[in-house]
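Asker: Just need the structure, nothing else, for what follows:
(one chain, ligands or ions: 1)
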Amino acid sequence: MTVHVKNNIFWVGQRDWEVRDFHGTEYNTTKGSSYNSYLIKEEKTVLIDTVDHKFSREFVRNLQTETDLRSLDYIIINHAEEDHAGALTELMALIPDTPVYCTANAIDSINGHHHHPEWHFNVVKTGDTLDIGNGKQLVFVETPMLHWPDSMMTYLTGDGVLFSNDAFGQHYCDEHLFNDEVDQTELFEQCLRYFANILAPFSRLVAPKVTELLGFNLPVNMIATSHGVIWRDNPAQIIEQYLQWSADFQEDRITLFYDTMSNNTRMMADAIAQGIHEADPRVTVKIYNVARHDKNEILTSLFRSKGILVGSSTMNNVMMPKIAAMLEEITGLRFRNKKASAFGSYGWNGGAVDRIQTRLTDAGFETALSLKIKWRPDDTLLETCREHGRKLAHLWALSPLPSRESAPLDSALTPQQTEENSTCMQCSVCQWIYNPRLGEPVQGIAPGTPWDQVPETFLCPECGLGKAVFDELCVEAL
Ligand SMILES: Cc1cc2nc3c(=O)[nH]c(=O)nc-3n(C[C@H](O)[C@H](O)[C@H](O)COP(=O)(O)O)c2cc1C
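Answerer: Next comes the predicted model:
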């Protein structure tokens, strides 16, 4: 089936009500998902993205009901991951000469998945346009590392539609296609979950990219994402929301998660939470047992928190494995500006709490006051846990929360920031800007370190690609 989107734009995607895992076990899609592909029928016929590879056959059959495949003039691939470009092999088998438009980085990832270097690739970069007739053009904007090096967005002039690919999307399946038609609570829950679990590591790239988009002065009347709903009612709301989430977002919330063999660490968690609540009833406190709760809900709660507590008993000298796995995920998600602390029960030599505390520090959290209790806490030790919670609540309340005001769209890049940025290094892959004068130390490099003294092993902290890709924009301020 197809759905009319606007004027000559049609949705030719695929709903997936039953999918429950994404990226392997990385993301639990509790509300299913959809793979949004779009057909534009102007003087030229254009396909934007495809669908997940597992729906390749249905996709091609469906597309054939909407158009003669030989009439397709251009295929735009905004991102080569297999949930968007997965049906390319099946489609291109029928129309192998159709030109494919994508970023330079996408050549690598499309070939890496489909192994057809003979396809007619046309590399586009930010600002390039493609005339599709009737006075309309496609404008391309590279969005590297949002969330792969190959990602880009495509804007359709005249209709004012931004085909944003993964950005602004959600893993959310509904028979309705537009944002104003669905349950708003469910929708924003899924938007937040998507941002916290997928885009959080790239937060610092969001505001500069939004600024760049706004710099084109192109009206965005609609944002057609590649997962979930299309934003046709007030699309600026999700852009504003992204600016807010990408600015070291936190609420007045503390999240505890733990694993336990015989409930001793759970008793500690309950008592610590009671102490936090007693000390500051305004703080939202959430507790999760990692063995019983949805992992991505826990990670979303951590994203929303100003402080986190991680608990594990000691098992064979180390922490419980699900806690180790969570710490690995948290490290990758690179949450910023959050406090953290470890706790747990032990029997003889302990070890887990110290290991957790070290992992939290290494992951960039400001750690404080860990707590170990031997065996099962009695009433006195439970009071020790409560006192611990009260202390943490006071300690963490000392740091004021960042403003929760959303940044106005037109001031995302202020003149002052422009001035500062002119003295920075910028990664040419993900465009992350590192300001050695003002920035925090990264990978042990102190602010002010001359660029030629940055070791060869230095990796871009945002995208993980190498030093060689950094451009030095200006050095005199050093
Ligand atoms: C299989 C197993 C291995 C354990 N290994 C250790 C250990 O290496 N060091 C230690 O101090 N305690 C060890 N303990 C004791 C637990 O840490 C202790 O019983 C703790 O109170 C359990 O807390 P929990 O109920 O939160 O899991 C072990 C317990 C079990 C069941």
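
Asker: M326 and I308, how far apart?
Answerer: Note on M326: its distance to I308, by CB to CB, to the nearest Å, is 10 Å. C-beta coordinates here come from the backbone N, C-alpha and C atoms, glycine included.

Asker: shared neighbours of those two, anything?
Answerer: F257 (CB atoms under 8 Å, 6 or more residues apart in numbering).

Asker: can you count the residues close to the residue in the stretch 1-150 of the chain that the ligand sits nearest to?
Answerer: Of all residues in the stretch 1-150 of the chain, T25 sits closest to the ligand, at 23.8 Å by CB to the nearest ligand atom. For T25, the tally of surrounding residues (other CB atoms under 10 Å) stands at 9.

Asker: And for the closest residue to F22 other than its chain neighbours, the neighbour number?
Answerer: Leaving aside its sequence neighbours, F22 sits nearest to T29 (CB to CB, 6 or more residues apart in numbering; 5.1 Å). When counting by other CB under 10 Å, one arrives at 22 neighbours for T29.

Asker: average pLDDT for stretch 267-286?
Answerer: Stretch 267-286 shows a mean pLDDT of 97 in the predicted model.

Asker: hmm, I was thinking of stretch 196-216
Answerer: 87.

Asker: Any idea how far that stretch is from the middle of the chain?
Answerer: 10 Å (CA atoms, centre = their mean, to the nearest Å).

Asker: Also stretch 146-166?
Answerer: 16 Å.

Asker: How about stretch 80-95?
Answerer: 24 Å.

Asker: Residues contacting that stretch, please?
Answerer: Contacts of stretch 80-95 (CB under 8 Å, 6+ apart): 22, 33, 35, 37, 49-57, 59-60, 63, 69-70, 72, 75, 77-79, 98, 100, 102, 106, 109-110, 112-114, 116, 119, 148, 150, 165-166, 226-227.

Asker: can you do 6 Å?
Answerer: 35, 49-53, 56, 59-60, 69, 77, 106, 109-110, 114, 150, 226 (CB atoms under 6 Å, 6 or more residues apart in numbering).

Asker: buried sites along that stretch?
Answerer: 80-92 (16 or more other CB atoms under 10 Å).

Asker: Per-residue pLDDT of the residue nearest to R70 when sequence neighbours are not counted, please?
Answerer: Spatially, and ignoring its direct neighbours in sequence, R70 is nearest to I95 (6.3 Å; CB to CB, 6+ apart). I95 is assigned 98 on the pLDDT scale.

Asker: what is I373 paired to in the beta sheet?
Answerer: Listed by DSSP bridges, the beta-bridge partners for I373 are S345.

Asker: check contacts around it.
Answerer: Counting by CB under 6 Å, 6+ apart, I373 has contacts 268, 345, 381.

Asker: Pull up the residues of the stretch 201-350 of the chain that are close to the ligand.
Answerer: 260-265, 313-317, 345-350 (CB under 6 Å from any ligand atom).

Asker: mind listing which of these are in strands?
Answerer: Counting by DSSP state E, those place 345-346 in strands.

Asker: Might you specify the subset of the residues of the stretch 201-350 of the chain next to the ligand located within helices?
Answerer: 264-265 (DSSP state H).

Asker: which of the residues of the stretch 201-350 of the chain next to the ligand count as buried?
Answerer: Using 16+ other CB under 10 Å as the burial test, these include 260, 264-265, 313-315, 345-346, 350 as buried.

Asker: Dump those residues into CSV; add distance to R292 as well.
Answerer: Formatted as CSV, those follow (distance: CB to CB, whole Å):
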residue, distance to R292
T260, 10
N264, 16
T265, 13
S313, 16
T314, 20
M315, 18
S345, 18
Y346, 22
G350, 24
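
Asker: Show me the two of the residues you listed that sit farthest apart.
Answerer: Of all pairs drawn from those, the greatest distance, 14.8 Å, lies between T260 and G350 (CB to CB).

Asker: hang on, the earlier thing: so which of the buried residues of stretch 80-95 sit within helices?
Answerer: 82-85, 88-92.

Asker: Centre-most residue in this protein?
Answerer: In the chain, the C-alpha nearest the mean C-alpha coordinate belongs to L199, at 0.9 Å (CA atoms, centre = their mean).

Asker: count of residues packed around the spatially closest residue to that one that is not a sequence neighbour?
Answerer: Nearest residue to L199, sequence neighbours excluded (CB to CB, 6+ apart): H147, at 6.2 Å. Each residue near H147 was counted by other CB under 10 Å, and the total is 20.

Asker: Can you tell me the element H147 falls in?
Answerer: Using DSSP states H and E, no element contains H147; it sits outside every helix and strand.

Asker: Tell me the pLDDT of it.
Answerer: 81.

Asker: What number of residues are in the vicinity of the residue of the stretch 351-478 of the chain found nearest the ligand?
Answerer: Residue nearest to the ligand within the stretch 351-478 of the chain: W375 (4.8 Å; CB to the nearest ligand atom). Neighbour count of W375, defined by other CB under 10 Å: 13.

Asker: what does T126 give?
Answerer: 17.

Asker: shouldn't the residue nearest to F22 be in contact with H23?
Answerer: No - T29 is not in contact with H23 according to CB atoms under 6 Å; the separation is 9.8 Å.

Asker: domains in this protein, as residue ranges please.
Answerer: Using the TED database, the domain parsing of the chain gives 3-246, 251-396, 425-472.

Asker: Can you give me the end-to-end span of the second one?
Answerer: Terminal residues of domain 251-396 lie 12 Å apart, using CA to CA, to the nearest Å.

Asker: And the first one, by the same measure?
Answerer: The first and final residues of domain 3-246 sit 32 Å from each other (CA to CA).

Asker: on that earlier part again, from the buried ones among the residues of the stretch 201-350 of the chain next to the ligand, which is closest to W396?
Answerer: Of these, the one sitting nearest to W396 (CB to CB) turns out to be T265, at 20.8 Å.

Asker: tell me the contacts of the closest one?
Answerer: The neighbourhood of T265, defined by CB under 6 Å, 6+ apart, consists of 258, 311, 313, 344-345.

Asker: farthest-separated two in the residues you listed?
Answerer: Applying CB to CB across the contacts of T265, the maximum distance is between Y258 and S345, 9.7 Å.

Asker: picking that back up, for the residue of the stretch 1-150 of the chain closest to the ligand, helix, strand, or coil?
Answerer: coil (DSSP: H, G, I helix; E, B strand; the rest coil).

Asker: Backbone dihedrals for it, please?
Answerer: The phi/psi pair for T25 (degrees, to the nearest 10) reads phi -100, psi 10.

Asker: now the one 10 residues further on
Answerer: Main-chain torsions, Y35, degrees, to the nearest 10: phi -120, psi 110.

Asker: Now it: closest residue in space, sequence neighbours ignored.
Answerer: Nearest one to Y35, counting by CB to CB, 6+ apart, is V51 at 3.7 Å.

Asker: what bits of the protein have low per-residue confidence?
Answerer: 398-478 (pLDDT under 70).

Asker: What are the boundaries of the helices in it?
Answerer: Counting by DSSP H, the helices of the chain are 56-66, 82-85, 88-92, 104-114, 184-194, 203-215, 236-245, 264-279, 295-304, 321-333, 352-362, 379-397, 415-421.
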